[in-house]
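Starting from these lines, generate the structure:
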Amino acid sequence: MVTRLNQRATTGIDRVDLAYARHFAAESPSIVCGTHYGLLAPHLLSPGVVSSLVGLFETVQLEREQSDRPEWQALLARLKNNDAASRPATTPPFSIPQRARLFAIQSAFRIRRDRRSFIPPGAIYLSVAQHAFEHSRFFRWLNRRPDVFPVFLVHDLIPLDYPEFFPAGYESRFRRRVDTILNHGRAIITTTSQVAERLREEYRRRGRPLVPIHIEPLASPLGASATPAAELSSERYFVAVSTIEPRKNYRLLINVWRELGRRTGAVPKLVIVGHRGWESEQIFRELDLAPDIKPHIIEIPSLSSSHLRSLIQSARALLMPSFAEGYGLPIVESLSLGTPVVCSDISVFHEVSQNKAMFLSPLNGKGWLAAIEQLSVVNSSLHRDLLAKSGRFVAPAWDNYFCKIEEFIADL
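As a prediction, this is how the structure comes out:
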């Protein structure tokens, strides 16, 4: 959380980290301290300091929300106007004085330690972000404290199974992260049975004894459904939410919208909410320059939680044609808001969506084209059917989530 304070966007994983920190900060009598990496031992932060960090992170989120208002207004204008640029102009999230202030705060947190705090015998060390796990030196102190019980949250092992979807060298770094988890973890929390089974397979492959693995699906960090934004009520658009990278299969969506543009009639918009990632230069060039798709595809790097919630809630559907995922948080966010979902026909999406989505092969371009054409029609039978399915989705709740996590930890 300290590292992410000055980032332009709050990602889904950031919001999960914040939910954990907020929960345990509120339950301060049950925790001894928070931790920050140190070379020889972790720097310990009192519950009060952890609470102050949570409050600071939430304040920074509000500052980001205020800073993205120009982008939001540009996006609304773009949805109504085919002549605007494909990419709404972005504004810096923080002024130079704000960035200097955040840098000073980050530096202070990184060296801060509460010398009155200590790790008592038999403590549980709960780590929910795989930040810097490739640096095993930050975890050597656990070898000197065999009484401490390390528990790690693991989102997925995708870089081990699909290294071709990641930048060169990332597989090696991620493998070191997994080594840290398997070398030190005595219990694991994850989000789907698919990831849990993949973890068990990794333990068996390495000849290691299995540890307890608890499966608990994440709730939506965007919150509950609210009154739809009036300015979006008459717009006809689809939304895709994720970093633009090969695994997310944006090539399929670009090809679909290129074909839609060749046909007669009004073309619905596609709004892509996500930063530009890696190994997608051809897609970037098309988004920037291709005249046949520029009028119809809007790209915006990030939105605040409230604006993203409004955008998803009024969309015809969320589109998620990924080749591989560990969870698929945008699916939960969308179905929790009652928005239809069309996604890849992969096992994890069936589990996460509770089979309340429409499933298509990530290679079936014609199928995606046909589905999007049907969903574009007001009151189409397919749209009614998917709306009904999304209405039957049982949205995970954070209160219940942490009740189950606390039960798991108590059993340990």
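
Can you name the residues that contact Glu373?
With contact taken as Cβ atoms under 8 Å, 6 or more residues apart in numbering, Glu373 is in contact with Leu260. In this view, the C-beta of every residue, glycine as well, is placed from N, C-alpha and C.

Could you pull out the buried residues of the helix or strand containing it?
Assigned by DSSP states H and E, Glu373 belongs to helix 365-376. Within helix 365-376, the residues that count as buried by 16 or more other Cβ atoms under 10 Å are 365, 367-369, 371-373, 375-376.

swap in stretch 142-154?
Of the residues in stretch 142-154, those buried under the neighbour-count criterion (16+ other Cβ under 10 Å) are 142, 148-154.

Now for Val32, how many residues are close by?
Here the neighbour count serves as a burial measure; for Val32 (other Cβ atoms under 10 Å) it reads 16.

Please report the distance of it from Phe24.
11 Å (Cβ to Cβ, to the nearest Å).

Summarise which helices and strands the helix or strand of the chain with the lowest mean pLDDT is packed against.
Using mean pLDDT, DSSP states H and E, helix 47-67 stands out as the lowest-scoring helix or strand of the chain, at a mean of 82. With contacts taken as 3 or more Cβ pairs under 8 Å, 6 or more residues apart in numbering; DSSP states H and E, helix 47-67 sits against helix 12-26, strand 34-36, helix 96-111, helix 305-313.

10 Å - rerun?
helix 12-26, strand 34-36, strand 43-45, helix 96-111, helix 305-313 (3 or more Cβ pairs under 10 Å, 6 or more residues apart in numbering; DSSP states H and E).

mind listing the strands for the stretch 251-400 of the chain?
With DSSP state E, counting those that start in this stretch as the criterion, the stretch 251-400 of the chain has strands at 269-273, 297-300, 318-320, 341-344, 358-360.

can I get those strands in CSV with mean pLDDT?
Formatted as CSV, the strands of the stretch 251-400 of the chain follow (pLDDT from 0 to 100):
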stretch, mean pLDDT
strand 269-273, 96
strand 297-300, 94
strand 318-320, 98
strand 341-344, 98
strand 358-360, 98
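
Would you mind saying which of those strands lies nearest Ser172?
Evaluated with Cβ to Cβ, these place strand 341-344 nearest to Ser172, the distance being 27.2 Å.

Against Ser310, how distant is Ala74?
Between Ala74 and Ser310 the distance is 15 Å, computed by Cβ to Cβ.

quick one: which of those two has more around it?
Set side by side, Ala74 and Ser310 show more neighbours around Ser310, with 23 against 20, by other Cβ under 10 Å.

Do I have it right that the more buried one meets Glu231?
Yes: look at Ser310 against Glu231 with Cβ atoms under 10 Å: they come within range, at 8.6 Å.

Which residues are in contact with each of these two?
Taking Cβ atoms under 10 Å, 6 or more residues apart in numbering as the contact definition, Ser310 and Glu231 share the neighbouring residues 72, 76.

List the contacts of Ser193.
Taking Cβ under 10 Å, 6+ apart, we find Ser193 in contact with 213, 215, 217, 347-348, 351.

Please apply the same query to Glu216.
With contact taken as Cβ under 10 Å, 6+ apart, Glu216 is in contact with 153, 189-192, 396, 400-405, 407-408.

Please produce a PyMOL select command covering the buried subset of the residues you listed.
Only the buried members of the contacts of Glu216 end up in this PyMOL selection, burial being decided by 16+ other Cβ under 10 Å:
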select buried, resi 153+189+190+191+192+396+401+402+404+405+408
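
Show me the contacts of Glu216 that map onto strands.
Filtering these for membership in strands, criterion DSSP state E, returns 153, 189-190.

As TSV, the residues you listed with pLDDT would be great.
Below are these laid out as TSV (pLDDT from 0 to 100):
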residue	pLDDT
Leu153	97
Ile189	98
Thr190	98
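
Redo those residues as CSV? Include distance to Arg263.
What follows is those, written out as CSV (distance: Cβ to Cβ, whole Å):
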residue, distance to Arg263
Leu153, 46
Ile189, 47
Thr190, 43
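
ok, so of those residues, who is nearest Met320?
Compare each of the ones in strands among the contacts of Glu216 with Met320 using Cβ to Cβ and the shortest gap goes to Thr190, at 19.9 Å.

Could you pull up the contacting residues of the closest one?
Thr190 is in contact with 152-157, 196-199, 213-217, 326-327, counting by Cβ under 10 Å, 6+ apart.

what does Gln313 give?
Going by Cβ under 10 Å, 6+ apart, Gln313 touches 222, 225-229, 232, 239, 333-334, 336-339.
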